[in-house]
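[1] Show me how the following folds:
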Amino acid sequence: MSAPSRAPAPPGPARPPAARSRPAAAGRPPVPRLASVGTAVPSARYTQQDVLDLFRVRDPRIASLFLNGGIERRHLSLPPPGPDGTPRQETQGELLARHSAEAVRLGRAAVEECLRRAGAAPADVRHLCCVTSTGLLTPGLSALLVKEMGLSPHCSRLDVVGMGCNAGLNALSATAGWAAAHPGGLAVMACIEVCSAAYVFDGTMRTSVVNSLFGDGAAAVAVVAPDGAASGTAAGDQATPGPGVLRFASRVIPDAIAAMRYDWDDAHGRFSFFLDPEVPYVVGAHVEDAVRRLLDGTGLARSDIGHWVIHSGGRKVIDSVRVNLGLTRHDVRHTSGVLRDLGNVSSGSFLFSYRRLLDEGAAQPGDHGVMITMGPGSTIETALLRW
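    Residues are numbered from 1 along each chain as shown. The predicted model follows:
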């Protein structure tokens, strides 16, 4: 199995105070800040045509799904070939075992890079939140990473399992809440998805939609709220690097609860993911309301948002969100770029886009940004940032 591949880490911001947290000072609560981000993907990379050739797909309808979805390449952890040269079919148990091994490896790589960029060490981590929807583990990834990375045995933990592609912002909300309650404490949230361990190859259009879209990868973000006597002041907030996370807002669409789901497939003896073809239009029809609620009471209009970090759900999803929010193609350049180069990396996709935004250096002090993820439920999650 391929080892994780990591992009070279540019010099990170000053090390956040993480060894010991203090009670929040009097005044307004400290604003949690995103101190750094790290990503990791398997080293094995496949073009869409590579995957078609590897699985000997000849159906022109399926080939069209792969070649016309805005994706050029993906990083995948595929099983070894069987006697006929194609990747062999795995049992559900083998898929779960592959998810466990690869998820720990990718998660560790992403968290380590995140900590390096923050100037922090594993021993500094006070809280670890892990997200996955591509395998069920007990104990969860948080406990496995504590052991694998030598984190403190007193590190508090949270595992978010099965929420889908929107889960990254659900988990970030919980992580930011922990950071605000423990000023100076270093919290890390990691989205770890081995989507190739959830594939079913049966030649149907249902499974081919999924197989053409998702890629493997992990992304981690460090969250710190300022501590000390300066907490609760603008100066104290700015002393901790990275944009502040001002607020979150959710929009659940109960009428579309079955539009994205993970079902047990008796015929194949494994789980199978389903995506309704109407998903892009359902998301697009409700995303404006979600963003309106996020900005309500802030004095900000959509035109005041300088940076948009949106889940790379698919080309039609991105286009639908862009049109309904009145965004330009430039606004979604990183979202489209992640889809092109990595596919849909499920819960961590938005952090891959966020990293590209940071590496670009376009965000300036005082700028506002909005993060948007969407997934099963159907749900739209949003977050408001300020640099």
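[2] I'd assumed residue 361 was in contact with residue 387.
    No. Under the criterion of C-beta atoms under 8 Å, residue 387 makes no contact with residue 361, lying 11.4 Å away. To be clear about C-beta, it is placed using only N, CA and C from the backbone, and glycine gets the same treatment.
[3] more crowded one of these two?
    It is residue 387, of residue 387 and residue 361, that has more neighbours when counted by other C-beta atoms under 10 Å, with 17 against 8.
[4] Can you show me the CA trace of stretch 377-387 as PDB?
    Extracted C-alpha coordinates of stretch 377-387, given in PDB (Å, rounded to 0.1, in the frame of the first residue of the first chain):
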ATOM      1  CA  GLY A 377     -29.300  14.700   5.900                       C
ATOM      2  CA  SER A 378     -29.400  16.600   3.600                       C
ATOM      3  CA  THR A 379     -27.500  19.400   5.300                       C
ATOM      4  CA  ILE A 380     -25.500  22.500   4.600                       C
ATOM      5  CA  GLU A 381     -23.000  23.700   7.100                       C
ATOM      6  CA  THR A 382     -21.400  27.200   7.100                       C
ATOM      7  CA  ALA A 383     -18.700  29.100   9.100                       C
ATOM      8  CA  LEU A 384     -17.700  32.700   9.100                       C
ATOM      9  CA  LEU A 385     -14.000  33.600   9.400                       C
ATOM     10  CA  ARG A 386     -12.200  36.900   9.800                       C
ATOM     11  CA  TRP A 387      -8.500  37.400   9.300                       C
END
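[5] chain center to that stretch, what's the gap?
    The offset between the C-alpha centroid of stretch 377-387 and the centroid of the whole chain comes to 12 Å, using C-alpha atoms, centre = their mean, to the nearest Å.
[6] Phi first, then psi, for residue 375.
    Dihedral angles of residue 375 (phi, psi; degrees, to the nearest 10) stand at phi -170, psi -160.
[7] What count of nearby residues applies to it?
    Counted by other C-beta under 10 Å, the residues lying close to residue 375 total 25.
[8] Can you give me the separation between it and residue 271?
    Per C-beta to C-beta, to the nearest Å, residue 375 is found 16 Å from residue 271.
[9] Over to residue 373?
    22 Å.
[10] higher neighbour count, the two?
    More crowded of residue 373 and residue 271, by other C-beta under 10 Å: residue 373, with 30 against 18.
[11] looking at it, that one is touching residue 317, isn't it?
    No. Residue 373 is beyond contact range of residue 317, at 10.9 Å (criterion: C-beta under 8 Å).
[12] Quick check: neighbours shared by the two?
    residue 311 (C-beta atoms under 8 Å, 6 or more residues apart in numbering).
[13] Just the strands from the stretch 201-350 of the chain, written as ranges.
    All strands of the stretch 201-350 of the chain, identified by DSSP state E, counting those that start in this stretch, fall at 217-224, 244-252, 260-265, 270-275, 307-310.
[14] Next, count neighbours for residue 153.
    With other C-beta under 10 Å as criterion, residue 153 counts 7.
[15] Oh, that last question was meant for residue 54, not what I typed.
    Neighbours of residue 54 under the rule other C-beta under 10 Å: 15.
[16] can you pull the contacts of it?
    Residue 54 makes contact with 46, 78, 86, 87, according to C-beta under 8 Å, 6+ apart.
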